[in-house]
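# When you get a sec, could you give me coordinates for this:
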Amino acid sequence: MKKLLFVSIFALSVLGTASLKAAPGLSETTVDSKATASVELLGAGLLYSVFGSYRFIPELAVNLGVSFSSANGSTNLLIPMSLSFLAGGKNGHHFELLGGGSIVTGSYTGTGISTGTVSGFLPTFGAGYRYWPSEGGFHFRGTLYGFISNGFLPWFGLSFGYAFS
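Take a look at the predicted model:
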């Protein structure tokens, strides 16, 4: 129930930012679609994540997500966050570079004495393709990630969602 509540609040906050307008007398950017809500398979949340992006200028977007899993006595919560640089942009097609990381917290219980908790920050960077239409609509992203934790771990993610105009 807590997971559903958290995801609902996150989705509503992303939807609420989609209708923001410039104050009278200030110019608006040429990008109409400023926010996205997506589901990412694999990617920054390791198995999956629900995330949103907000483009505060045409070339830069901030991304924030959440991923929760619970199986075999262990629970994990990841909060991936990153800053994306979007190059190109012709007809919504972008080359994306991103950097950030995930806040990680979890607990596990095993047989005997193997129980414990884990928490920390997992640095992440990535590069890939992002389709973010300026008028809103279907949103897609394919990213090759690199996680830095006791070495380097390459990882791939696909996300699908909706861009709001």
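
# give me the low-pLDDT residue ranges for this structure?
Within the chain, the ranges that satisfy pLDDT under 70 run 1-31, 110-114.

# ok, now with 90
1-32, 46, 70-74, 88-91, 107-118, 134, 149-150, 165 (pLDDT under 90).

# so where do the helices sit in it?
2-17 (DSSP state H).

# in it, which spans are strands?
Secondary structure of the chain (DSSP state E): strands at 35-42, 48-57, 60-71, 74-88, 93-109, 115-131, 137-148, 152-164.

# Now mean neighbour count too, for the ones you listed, in TSV please.
Yep, even glycine has a C-beta here, placed from its N, CA and C like the rest. Shown next, in TSV, are the strands of the chain (neighbours: other C-beta atoms under 10 Å):
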stretch	mean neighbour count
strand 35-42	20
strand 48-57	20
strand 60-71	18
strand 74-88	18
strand 93-109	17
strand 115-131	15
strand 137-148	18
strand 152-164	17
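
# is it true that Gly100 touches Phe85?
No. The pair Gly100 / Phe85 is not scored as a contact, 11.7 Å apart, by C-beta atoms under 8 Å.

# I'd like to know the beta-bridge partner residues of Asn63.
Using DSSP bridges, the bridge partners assigned to Asn63 are Ser53, Ser82.

# now Tyr131
With DSSP bridges as the criterion, Tyr131 is bridged to His93, Phe140.

# which residues touch it?
By C-beta atoms under 8 Å, 6 or more residues apart in numbering, the contact set of Tyr131 is Gly92, His93, His94, Phe138, His139, Phe140, Arg141.

# Pick out the most distant pair among the residues you listed.
Across the contacts of Tyr131, the longest distance by C-beta to C-beta is 14.3 Å; it joins His94 and Phe138.

# And Ser70, how far from Leu77?
Counting by C-beta to C-beta, to the nearest Å, the gap between Ser70 and Leu77 amounts to 9 Å.

# go on, Gly65?
Gly65 is 11 Å from Leu77, by C-beta to C-beta.

# repeat for Leu122
Taking C-beta to C-beta, one finds Leu122 at 12 Å from Leu77.

# what residues do these two have in common as contacts?
Between them, Leu122 and Leu77 share these contacting residues under C-beta under 8 Å, 6+ apart: Val104.

# what residues are up against Ser74?
Gly106, Ser107, Tyr108, Thr109.
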